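J.: Pasted the sequence and its predicted model underneath.
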Amino acid sequence: MEETQSCRESVAVILPSLNPDVKFSRVVDGLVEDGFRHIVIVDDGSDDAHQQWFEKAAQHPQCTVLHHGVNKGKGRALKTAFTHVAEQLPEIAGVITIDGDGQHLLPDIVACADSMLKNRDKVVLGCRDFDAPGVPPRSVAGNKTTNRLFKIFYGITISDTQTGLRAIPRQYLERFCEMEGERFEYETNMLLQMKKQHIAFLEQPIATVYDPEDYSSHYNAVKDSWRIFKIMMKNKFR
């Protein structure tokens, strides 16, 4: 219980968002109700029709809402939050990045944060099990393909290269802000730069959650794998 309370007090949750909906609000409310004291939300250029969700979140004293006037991309949103924590929250031991669509469950967020507090020199990656029953075949194929590419070209063994649930110790925030990438390529670059900069990581098993409607409309295994492959080749031959 003592470790869990420490996690809620000393780890800042980072939540970038573009045009959120009610799922975003449920995630924020869940974090607040569970006792997290520092929740840094980045509105990455959302339109006026979606500002209500940020206004609702800002009513919680635990939440700080930062705004981008225009959409700058997930990578820049994460860097904006990292900079805020580094400059404004000196008491924070680290951060944990999550998505606002509900796919990261509260127990998994807590488990990753606690693991990071026990391993202050390592980044903790929340990794899904793609061999579990019910995982969409397209997702299995896409993730296993990118996992093999990481292993072949960089010697990096990661079971979930596309996870957005990542707990990062405070001492690495400045370096992570300097890593290349403004949009979704940033999360791939992060893993590659961790290898180059000798930043160790460990994996924390988490639940595999899919919204069938969002998944069918947004996930393309071939397109997403090719995008990651191009990022890897750019880094490899730079």
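T.: Everything's here; your move.

J.: for residue 160, what are its contacts?
T.: Remark: with contacts taken as CB atoms under 8 Å, 6 or more residues apart in numbering, residue 160 is in contact with 125, 126, 127, 128, 130, 143, 147, 203. Yep, even glycine has a C-beta here, placed from its N, CA and C like the rest.

J.: Would you quantify the distance from the closest residue to the third one other than its chain neighbours to residue 131?
T.: To tie it back to what came earlier, the one meant is residue 127. In this structure, residue 127 finds its nearest non-sequential neighbour in residue 160, 3.8 Å apart by CB to CB, 6 or more residues apart in numbering. Computed as CB to CB, to the nearest Å, the residue 160 to residue 131 distance reads 12 Å.

J.: circling back: export the contacts of residue 160 as CSV, with columns for pLDDT.
T.: Converted to CSV, those look like this (pLDDT from 0 to 100):
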residue, pLDDT
125, 98
126, 98
127, 96
128, 92
130, 83
143, 82
147, 89
203, 98
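
J.: Which PyMOL command selects the buried ones in those residues?
T.: What follows is the PyMOL syntax for the buried subset of the contacts of residue 160, where burial is set by 16 or more other CB atoms under 10 Å:
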select buried, resi 125+126+127+128+130+143+147+203
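
J.: Could you identify the most distant pair in the contacts of residue 160?
T.: Across the contacts of residue 160, the longest distance by CB to CB is 15.2 Å; it joins 126 and 147.

J.: mean confidence for stretch 186-194?
T.: In this model, stretch 186-194 has a mean pLDDT of 94.

J.: swap in stretch 15-28?
T.: Here the mean pLDDT over stretch 15-28 is 97, rounded to a whole number.

J.: Restricting the selection to alpha carbons, write that stretch to CSV.
T.: Listed in CSV are the C-alpha atoms of stretch 15-28, where the atom choice follows Å, rounded to 0.1, in the frame of the first residue of the first chain:
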residue,chain,number,x,y,z
LEU,A,15,-2.0,12.5,-21.4
PRO,A,16,-1.7,14.1,-24.9
SER,A,17,-5.0,14.5,-26.7
LEU,A,18,-6.5,15.7,-30.0
ASN,A,19,-10.2,16.2,-30.2
PRO,A,20,-11.1,13.9,-27.3
ASP,A,21,-14.5,12.5,-26.4
VAL,A,22,-16.2,11.0,-23.4
LYS,A,23,-13.6,8.2,-23.1
PHE,A,24,-11.0,10.8,-22.4
SER,A,25,-13.1,12.2,-19.6
ARG,A,26,-13.6,8.8,-18.1
VAL,A,27,-9.8,8.2,-18.1
VAL,A,28,-9.2,11.6,-16.3
